[in-house]
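K.L.:
Got a sequence here, can you build the structure:
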Amino acid sequence: MSLTSDNQPLYLQIRDMLREKINLGELKPGDQIPTESELVLQHGVSRITIKSALKMLVEDGLIYRIAGKGTFVSDPDSSEPLPIDLNAPYKKVGFLSPLANDEFSMKLLLGVQEACKEQNLILIVRSASTQFEEQEGIRFLRAAGVDGLLIFPVDGEAYSEAVLNLKTEGFPFVLIDRYLPGIKTNAVYSDNFAGGSMGTEFLVQKGHRQIGIISGTKSKTSSSEDRFSGYLDMAKKAGLKIEPAHWLTRIDEVTYMDPIIGRDMIRKWLESQPEITAIFAFSSAIALYVADVAAGIGRKVPEELAILSFDAPPIRDFQGSLFSYIEQQEDKMGEEAIGLLMAAIEDPAISRQIVIPVKLNEGRTT
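P.N.:
Residues are numbered from 1 along each chain as shown. Okay, here's the model as predicted:
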């Protein structure tokens, strides 16, 4: 069986090819299948394509993985559980993150979890919503014996002392979703600058010249600042008049602030800036606030007020996503972060930043 050019995705073709070899006995129970790298070279496809195909075969019970040894064909007639090497030196990874109360955080956690499963890593998750909780979480996870840390930094107007101490001590860690400007650490994050730029360009192309920007609390971490820089860069290129009154940049996320107060702040701001025809919200929670407030003051979306969000608010119907939004690759972010952390555990001197591309999806709010 060879890869075809029909409409079937490549990962399904790879899965079916390996499944056929197992069914025909070309690959027998206990046989080791080629490595991911070998399959990539054999078929000329991406590693993620191979990973997707193998994941489906594992879920179907046709193959199983043993950490450090490889992937093998299962025995369908055996009642024995899949072999687990209890003496293997399994590595433990700690993941410190704000409470997963939104779709982005949940997808990010799932991406990290899936990458840990693929590499037979033990994952310990702890939440932190303040820098104090972040400090306590780092202390707890290190006491639990983790070999390295993934940290989704909380917002703060100063750098986290606990994170800086990790760097000073040389303990392996990777920042995920954000980085600390001016300080070299391992980090995996979305191209927030590009997202801010492409979102602004999209609104300009829709005919908007008076664009409102809403973001969360001022922070020393990078995501909102990079999104704002991307907006500002494109606004200048497009010849928009820079109006600081059109920026509401101290709105907190749902986790940190009473949503009633947030909505009231947005309502007063919109009523004081009636010339604004589009809003670029730097989070899905804020985008929902804006839509709710617009309905309350009688401004039709998108006819009188367009709304563009970073990440998709969880509102969909048979016509697809309601909101136009900048899409991040949370699963890719989790996979890359685990890969970088494993490299940092092997070589603590590594200092690398991986930027994950974003894209724009048009919904019905613009």
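
K.L.:
Now do stretch 38-51: distance to the chain's middle.
P.N.:
Chain-centre distance of stretch 38-51: 23 Å, with C-alpha atoms, centre = their mean, to the nearest Å.

K.L.:
Quick one: residues in contact with that stretch.
P.N.:
3, 10-11, 14, 34, 36-37, 118, 332 (C-beta atoms under 8 Å, 6 or more residues apart in numbering). (C-beta placed from N, C-alpha, C; glycine too.)

K.L.:
Start and end of that stretch, how far apart?
P.N.:
In stretch 38-51, first residue to last residue: 12 Å (C-alpha to C-alpha, to the nearest Å).

K.L.:
So for that stretch, what gets flagged as buried?
P.N.:
Of all the residues in stretch 38-51, those buried under the rule 16 or more other C-beta atoms under 10 Å are 39-40, 43, 45, 49-51.

K.L.:
Same question for stretch 235-250.
P.N.:
Quick answer for stretch 235-250 (16+ other C-beta under 10 Å): 235, 240, 246-248.

K.L.:
for stretch 178-193, same thing?
P.N.:
Using 16+ other C-beta under 10 Å as the burial criterion, the residues of stretch 178-193 that qualify are 178-180, 185-193.

K.L.:
So, low pLDDT: which residues of the chain?
P.N.:
Scanning the chain for pLDDT under 70 picks out 1-7, 67-68, 79-89, 99-101, 156-158, 217-222, 252-258, 316-321.

K.L.:
before we move on, the earlier item: make TSV out of the buried residues of stretch 178-193 and add distance to I315.
P.N.:
Formatted as TSV, the buried residues of stretch 178-193 follow (distance: C-beta to C-beta, whole Å):
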residue	distance to I315
R178	26
Y179	30
L180	33
T185	36
N186	35
A187	31
V188	28
Y189	26
S190	21
D191	25
N192	23
F193	27
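
K.L.:
Closest to T130 out of those?
P.N.:
Distance to T130, by C-beta to C-beta, is smallest for R178 among those, at 15.7 Å.

K.L.:
okay, now G61: neighbour count?
P.N.:
10 (other C-beta atoms under 10 Å).

K.L.:
these two touch, right, it and S74?
P.N.:
Yes - here G61 lies in contact with S74, judged by C-beta atoms under 8 Å, at a distance of 5.8 Å.

K.L.:
Provide a list of residues in contact with A306.
P.N.:
When contacts are counted by C-beta under 8 Å, 6+ apart, A306 is found next to 203, 206, 208, 277-279, 324, 365-366.

K.L.:
Could you work out the most separated pair of these?
P.N.:
Maximum pairwise distance among those (C-beta to C-beta): 14.2 Å, between T277 and S324.

K.L.:
okay, those two: which has more neighbours?
P.N.:
Higher neighbour count among T277 and S324: S324, with 24 against 19, using other C-beta under 10 Å.

K.L.:
so who does V146 touch?
P.N.:
Residues near V146 by C-beta under 8 Å, 6+ apart: 92-94, 124.
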